[in-house]
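Participant: I would like to see how this sequence folds:
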Amino acid sequence: MFRKKQPSPVEENQENDQEKQNGGPKSTTVEEKTPSNDPPPVSFFRLFRFATKSEIISNSVGVVCAIAAGAAQVRICSILVYFLTRNVS
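Facilitator: Purely as a prediction, here's the structure:
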């Protein structure tokens, strides 16, 4: 749909002549290649401003479960270490 314009043979020869005179291909900087199209940063609460009640509830339940899983991981690891390091006789 959108295609770059192909250089004509005359333009291509001019670019090749310029490269030979300058000792190599043209160097381009990052600014010349792509303009910055990054969206502006937003706050956490503004990110979910269009969320429905059910989405907010499910996100809240997920956060609580993640906190519980992180807290339980420490206890489970300590129990595992206890059973692996005790003397079995």
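
Participant: what about this protein, any weak spots by pLDDT?
Facilitator: Along the chain, segments meeting pLDDT under 70 span 1-35, 88-89.

Participant: where do the helices sit along it?
Facilitator: 9-22, 30-33, 44-47, 53-85 (DSSP state H).

Participant: what sits against Phe45?
Facilitator: If you count contacts by CB atoms under 8 Å, 6 or more residues apart in numbering, Phe45 has none. In this view, the C-beta of every residue, glycine as well, is placed from N, C-alpha and C.

Participant: how close does it sit to Ile56?
Facilitator: As judged by CB to CB, to the nearest Å, Phe45 and Ile56 stand 11 Å apart.

Participant: Pro39 now?
Facilitator: Pro39 is 23 Å from Ile56, by CB to CB.

Participant: Next: Phe83.
Facilitator: 41 Å.

Participant: Those two - which one has more neighbours?
Facilitator: Ile56 (11 against 8; other CB atoms under 10 Å).

Participant: ok, and the closest non-adjacent residue to the more buried one?
Facilitator: Phe48 (7.0 Å; CB to CB, 6 or more residues apart in numbering).

Participant: Phe48 - how many residues pack around it?
Facilitator: By other CB under 10 Å, neighbour count at Phe48 equals 13.

Participant: who touches it in this structure?
Facilitator: 55-56, 59.
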